[in-house]
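>>> could you work out the structure for the sequence below:
(chains A and B)
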Amino acid sequence: MRDDELHAEVQDWLAANWSPDIDLAQWAHAVFEAGWSAPSWEPEWYGRALTAAQSRLVTDEFTAIGAPGCGHDRENFFACTVHDVGTVEQKRRLLPPTLHGPTQTQWCLLYSEPGAGSDLAGLRTRAERDGDDWVINGQKVWTSFAAIAEYGLLVARTDWDVPKHKGLSFFVLPMRQTAVEVRPIHQITGESEFNEVFLTDARVPGNNLLGEVNAGWSVLQIALGHERRFMSGRGFASKENKVLEPDQDDDLVELARATGGLGDPYIRQQIARIEALAAVNRWNTQRAKDTTDSNEAATLLGLGKIAMSRILHETARAKTEIIGAEAMLAGPDNPVGDGVTFQAFNAYLTSIGGGTDQILRNIIGERILVLPKEPEPYRHTPFRDLPH
Amino acid sequence: MTHNNSGNSDELRALRSAVRAAMAKYSPETQVRDLMAAETGFDPVVWKQLAVLGLVGLLIGEEYGGAGAGPIAMGIAMEEMGGALLVSPFLSTAVLVPRLLAATADEAERAAMLPKIAAGELIATAAFAEQRSARPPVTIATTATADGEGWSIAGEKHFVLDGNAAAVIYVLARAEGGPAVFAVDADAAGLDVKSLATVDQTRKQCRVRFADTPARLIGQLGTGMEVFEAALDACAVAFISEQAGAARRAVEMATEYAKTRYQFGRAIGSFQAVKHMCADMLLEAESALSAARFIAKQFADHAPSRIADLALAQAYCADAFVFVAATNIQVHGGIGFTWEHPAHLYLRRARSSAQLLGSPSWHRERYMQEIGGTT
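This next block holds a predicted model:
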């Protein structure tokens, strides 16, 4: 299908179906039935077999009129992972509910643990068979939306007598059971977007194992790939939507004009520097979309997250210089200072969350530049024998 | 070989392969070093080959014997030339002068000169900077006075690319009717060309003095500043591709070395301290490439925002190339501090390129003015 035909079809469909006061559940169902929820997926998996670029066009049309419900094939990495890895039965059972849900988030991520952050493969949450089910015990951390999620994507240890990467399995954990306890984390921004999740004899039905037993690490790589690609495109939004996507609404020139600093040559240089960082990130993304060379695209996408991290930190730094002493003040009486401090602190979401900048640089070095890995003295050591 | 503006991808791939092969043949490190030591940095045999390949006439219209290609094809050629640190009057003769003559719209001059340039028979350059700035001066000190049928130039130009190899120099001078472009032949009376000692010996620069030197008016009186601004912008589109291509090559040098240099019983690239430097270099070099290619497309399409985008890209590519070339030396350690190793040649090229068409901070200020960032 040509892009102009697609544009026309989406616009016609939206004109016939969307209205701002439509019931959102009814709307989500209509979007799903029409195949717009995840347009790049195969028709048998609720999509329209469009290219990734065309899927983005569809999202743009939805966004332009304020209609939700499109773009799950990029932004819903729960659904993306199930789509990539799940069995036919799992896809039939798990995909439709999550693609229906434009108004609520129905899933969360149960990866990190207090003792397993950058070294995620060192996690100690235990999964043991009990009949057809799995029984889960352990503690997870940095989980967004844990209190409202229907499912958690869970990585747990199923074999302690093999090296750490080889004894992990990937599960879809039903969150609404008493054995799952959620406690909010009070963050440096003052928000509580993340939670700790305590799992005490929590149960996972056997048909919610995603991939093979002990093959969880490779499933996790697929899930993390979706997450990092998503984050490089837009940074990390907060639940209060205080953070702006850096290439929109984040007008340093207007901030400097408003605070009287626009005539300062130093400030002007800082502004242009930040705008260049944001511009080249857009140009990298554009080049990744345009190229037919998959290596080139993978390289550019692999660089996206550290690029975004720098943009967010540097934007907050420049804004701090622009507003000056106001940066000492907080609260609703001082919205400018409050917002800038929030951005400065919230930038760590992107430079730590989803893999720290340092871990990302290791990945870039090893996977893109093919530099040798660090020596791994415990490569062949059973997990239970590792020092900790 | 023709190369259209739309950038047919098979044609462009063929162009890249052809230029890469030509660089491997004509610009190995030994040749680069020989020409660094030479005064003019101009090898007539190689130049003829570049002309035969269609590269010297890439931007020149087919009606003048060129390939009639646009900024996208030129960007690809410049990436490859930058990677090889080609020493030649390419930037002046094959990029700046054709762009300048196009901006003057002087058909007689174009018909007389462009076929010779495309054929590799004429080296030409442009002289605009005076005193301390590499940009055209706000107030031009060099004067042009009507002298019978022709004109007479008096003054001094600085940072003139390939001034000692050029048979013709196009000079920005101020006449009573306003600034204009004047052509001066290399053998004209009262012309004094002095080679400058440059940090980057792969790019030759000169100081040029005119003492009542006879000249021809090119184009219209009063248009000189606009003509030069347009020519320098069009030239910059190609120039940032050269910077990006050279930066990409420096990343390759660093990563190749990090894989083969062993210390503490390990390849140094296995240490995170080194690996992270390489990752940061890759981000800068790839971003510079994306910027250069985006800008080439913007100019091919005459996009309305192209000047503001170019200003950002010039600042970014200059800084990126300096960062990558400098970090490359650090990754190499002691061997990178020796004259014999080529790492410093890239840093010299990078530092010089970051000034040649204006400094990064000059371009950032230009960006601010372009987007209406005034108080």
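>>> list the contacts of the spatially most central residue of chain A.
By Cα atoms, centre = their mean, chain A has its centre lying nearest to A:Glu227, at 3.8 Å. By Cβ atoms under 8 Å, 6 or more residues apart in numbering or on different chains, A:Glu227 lies in contact with A:77, A:109, A:354. C-betas here are computed from N, CA, C, even on glycine.
>>> hmm, A:Gly304 and the last one touching each other?
The one in question is A:Gly354. No - using Cβ atoms under 8 Å, A:Gly354 makes no contact with A:Gly304, being 11.4 Å away.
>>> I'd guessed A:Gln54 sits against A:Leu6; true?
Yes - in this structure, A:Gln54 is within contact of A:Leu6 by Cβ under 8 Å, at 5.7 Å.
>>> where does the prediction get shaky in the stretch 101-250 of chain A?
A:101-105, A:232-250 (pLDDT under 70).
>>> do a quick rundown of the helices in it.
In the stretch 101-250 of chain A, helices defined by DSSP state H, counting those that start in this stretch lie at A:216-234, listed in chain order.
>>> right, and A:Thr200 touches A:Val135 too?
No - contact criterion Cβ under 8 Å: A:Thr200 and A:Val135 do not qualify, at 9.8 Å.
>>> mind checking how far the residue nearest to the centre of chain A is from A:Leu360?
12 Å (Cβ to Cβ, to the nearest Å).
>>> again, but for B:Ser305
Counting by Cβ to Cβ, the gap from B:Ser305 to A:Leu360 is 31 Å.
>>> with A:Arg183 instead?
A:Arg183 is 29 Å from A:Leu360, where distance means Cβ to Cβ.
>>> okay, these two: which has more neighbours?
Just comparing A:Arg183 and A:Leu360: by other Cβ atoms under 10 Å in any protein chain shown the higher neighbour count belongs to A:Leu360, 22 against 13.
>>> what's the one helix or strand that one maps to packed up against?
Using DSSP states H and E, A:Leu360 sits within helix A:357-363. Judged by 3 or more Cβ pairs under 8 Å, 6 or more residues apart in numbering or on different chains; DSSP states H and E, helix A:357-363 is in contact with helix A:294-323, helix B:272-300.
>>> next, the angle from the helix or strand that comes right after the longest one to helix A:294-323.
Sequence order places helix A:335-346 as the next helix or strand after helix A:294-323, per DSSP H and E. With axes from the mean of the first three to the mean of the last three Cα atoms, to 10 degrees as the basis, helix A:335-346 and helix A:294-323 are set at 140 degrees to each other.
>>> which residues of the chain fall in strands?
Just going to use chain A. Under the criterion DSSP state E, chain A contains strands at A:107-110, A:126-130, A:133-144, A:151-157, A:168-174, A:180-184, A:194-204, A:209-210.
>>> right idea, wrong chain: chain B
Taking DSSP E as the criterion, chain B carries its strands at B:124-127, B:143-147, B:150-161, B:168-175, B:178-185, B:191-195, B:205-218, B:262-263, B:266-267.
>>> burial count for B:Ala166?
Neighbourhood size, B:Ala166 [other Cβ under 10 Å]: 28.
>>> for A:Met1, that is, sorry about that
Per other Cβ under 10 Å, the neighbour tally for A:Met1 reads 11.
>>> how about the contacts made by it?
Applying Cβ under 8 Å, 6+ apart, we find A:Met1 in contact with A:9, A:50, A:54.
>>> any idea how far it is from A:Ser40?
Distance of A:Met1 to A:Ser40, given as Cβ to Cβ: 12 Å.
>>> ok, the contacts of A:Glu227 vs A:Pro382, which is closest?
Looking at the contacts of A:Glu227 and their distance to A:Pro382, the nearest is A:Leu109, at 27.0 Å (Cβ to Cβ).
>>> what residues does the closest one make contact with?
Listed by Cβ under 8 Å, 6+ apart, the contact set of A:Leu109 reads A:143-144, A:152-153, A:223, A:227.
>>> in the helix ranked longest in chain B, what's buried?
The residue-count maximum for a helix in chain B (DSSP state H) belongs to helix B:224-260. Across helix B:224-260, burial judged by 16 or more other Cβ atoms under 10 Å in any protein chain shown covers B:224-225, B:227-228, B:230-251, B:253-255, B:257-259.
>>> if we can go back for a sec, mean pLDDT and mean neighbour count added to the helices and strands packed on helix A:357-363, as CSV?
Shown next, in CSV, are the helices and strands packed on helix A:357-363 (pLDDT from 0 to 100; neighbours: other Cβ atoms under 10 Å in any protein chain shown):
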stretch, mean pLDDT, mean neighbour count
helix A:294-323, 94, 20
helix B:272-300, 98, 24
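>>> out of the strands of chain B, which gets nearest to B:Val19?
For B:Val19, the closest of these is strand B:150-161, at 20.4 Å, according to Cβ to Cβ.
>>> ok, the closest one: who's next to it in the sheet?
strand B:143-147 (antiparallel), strand B:205-218 (antiparallel) (DSSP bridges).
>>> residues touching the residue nearest to B:Ala127 when sequence neighbours are not counted, list them.
Spatial nearest neighbour of B:Ala127, excluding adjacent residues (Cβ to Cβ, 6 or more residues apart in numbering or on different chains): B:Lys157 at 3.7 Å. B:Lys157 makes contact with B:127-130, B:142, B:171-172, B:207-208, B:210 under the criterion Cβ under 8 Å, 6+ apart.
>>> care to break chain B down by domain?
B:9-123, B:125-224, B:226-370 (automatic domain parsing).
>>> gap between the two ends of the longest one?
Read that as domain B:226-370. End-to-end distance for domain B:226-370, by Cα to Cα, to the nearest Å: 16 Å.
>>> what is the burial count for residue 92?
I went with chain A, as the question did not name one. 12.
>>> you looked at the wrong chain, it should be chain B
Count around B:Ser92 with other Cβ under 10 Å applied: 27.
>>> contacting residues around it?
B:123-126, B:161-162, B:166.
>>> can you name the two of the residues you listed that sit furthest apart?
Across the contacts of B:Ser92 (Cβ to Cβ), the longest gap, 12.0 Å, separates B:Ile123 and B:Ala126.
>>> neighbour-wise, which of these two wins?
Neighbours of B:Ile123 and B:Ala126, each counted by other Cβ under 10 Å, are more numerous for B:Ala126; the result is 29 against 25.
>>> that one pairs with what?
On the basis of DSSP bridges, B:Ala126 takes part in beta bridges with B:Tyr170.
>>> distance check, the residue in the stretch 51-200 of chain A that chain B sits nearest to against A:Thr356.
Closest approach between the stretch 51-200 of chain A and chain B, counting by Cβ to the nearest Cβ: A:Ser118, at 11.5 Å. A:Ser118 sits 6 Å away from A:Thr356, going by Cβ to Cβ.
>>> thought A:His165 was touching A:Ala121?
Yes - with contact defined as Cβ under 8 Å, A:His165 reaches A:Ala121; the gap is 4.8 Å.
>>> what sits in contact with each of the two?
Jointly contacting A:His165 and A:Ala121 under the rule Cβ under 8 Å, 6+ apart are A:Trp217.
>>> ok, for residue 314, nearest residue in space, not its chain neighbours?
Assuming you mean chain A. Closest to A:Glu314 by Cβ to Cβ, 6+ apart is A:Ile274, at 5.6 Å.
>>> my question was about chain B
Closest to B:Gln314 by Cβ to Cβ, 6+ apart is B:His363, at 4.3 Å.
>>> that'll do, ta.
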